[in-house]
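Enquirer: Attaching a predicted model along with its sequence, questions to come.
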Amino acid sequence: MEKLAGKIANFKNTKNHCWSRYIIDTAVKNKCGVIQMEDLSGIAEENTFLKNWTYYDLQQKIKYKAEEKGIKVVFIDPSYASARCSKCGHIHRSYEKKEWRPSQDQFICQSCGHKENADINAAKNIATPNIEQIIKEQLEKQEREQRNQKYIS
Ligand SMILES: [Zn+2]
């Protein structure tokens, strides 16, 4: 069992080295100066299982390889990344999830009708420069609109 666990860990480590190298090579080729990723440190602190998680390790490998190439790495708060439409910016509410996320891989914007694979939509949001500020302003705007609607009706 121990030998097998070692082999699996070794395999994951090798894979993560390959994937992170591929990502950094692509970034260099495209003259990308900043890489943005979800900040998983919050979950990692609470959950040691997630801290060992392959994705967390992949991020760490991307981070140090990026820094070697002078690429800046920014970790962003992943809240709302999957609920925001990457096309029009509308942020959906979790209680309406049945409509905008009818299945695990589907995203359908209830504001502009934009349809996209849910992971790709979220990835586009995560890659948007200054996304945390954009989300904050959008939430404030939607809250104002909702308040005004209550006045009218
Ligand atoms: Zn939209």
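Expert: Nice, thanks for sending it over. Residues are numbered from 1 along each chain as shown.
Enquirer: In whichever helix in the chain runs longest, which residues are buried?
Expert: Determined from DSSP state H, the single longest helix within the chain is helix 2-29. For helix 2-29, a neighbour-count test (16 or more other C-beta atoms under 10 Å) marks Asn16, Ser20, Ile23, Ile24, Ala27 as buried. For every residue, glycine as well, the C-beta is placed using N, CA and C.
Enquirer: Just give me the closest of these to Tyr56.
Expert: Distance to Tyr56 across the buried residues of helix 2-29 (C-beta to C-beta) is lowest for Asn16, with 9.9 Å.
Enquirer: Pretty sure the closest one sits against Asp57.
Expert: Yes. Assessed by C-beta atoms under 8 Å, Asn16 is found in contact with Asp57 at 5.4 Å.
Enquirer: Please enumerate the helices of the protein.
Expert: Using DSSP H, the helices of the chain run over residues 2-29, 41-46, 48-51, 54-68, 97-100, 118-127, 131-152.
Enquirer: what angle do the first one and helix 54-68 make?
Expert: Just to be clear, that refers to helix 2-29. 40 degrees (axes from the mean of the first three to the mean of the last three C-alpha atoms, to 10 degrees).
Enquirer: Helix 2-29: how far from the chain's middle?
Expert: In this view, helix 2-29 has its centroid 20 Å away from the chain centroid, taken as C-alpha atoms, centre = their mean, to the nearest Å.
Enquirer: Same check on the fourth one?
Expert: Here helix 54-68 shows a centroid-to-chain-centroid distance of 15 Å under the convention C-alpha atoms, centre = their mean.
Enquirer: which helices and strands does that helix pack with?
Expert: helix 2-29, strand 34-38, strand 72-76 (3 or more C-beta pairs under 8 Å, 6 or more residues apart in numbering; DSSP states H and E).
Enquirer: change it to 6 Å
Expert: helix 2-29 (3 or more C-beta pairs under 6 Å, 6 or more residues apart in numbering; DSSP states H and E).
Enquirer: any idea of the mean pLDDT for the helix it packs on?
Expert: Mean pLDDT, helix 2-29: 93.
Enquirer: same deal with stretch 60-70?
Expert: Mean pLDDT, computed over stretch 60-70, is 96.
Enquirer: what comes up buried for it?
Expert: Result for stretch 60-70 [16+ other C-beta under 10 Å]: buried residues Lys61, Ile62, Lys63, Lys65, Ala66.
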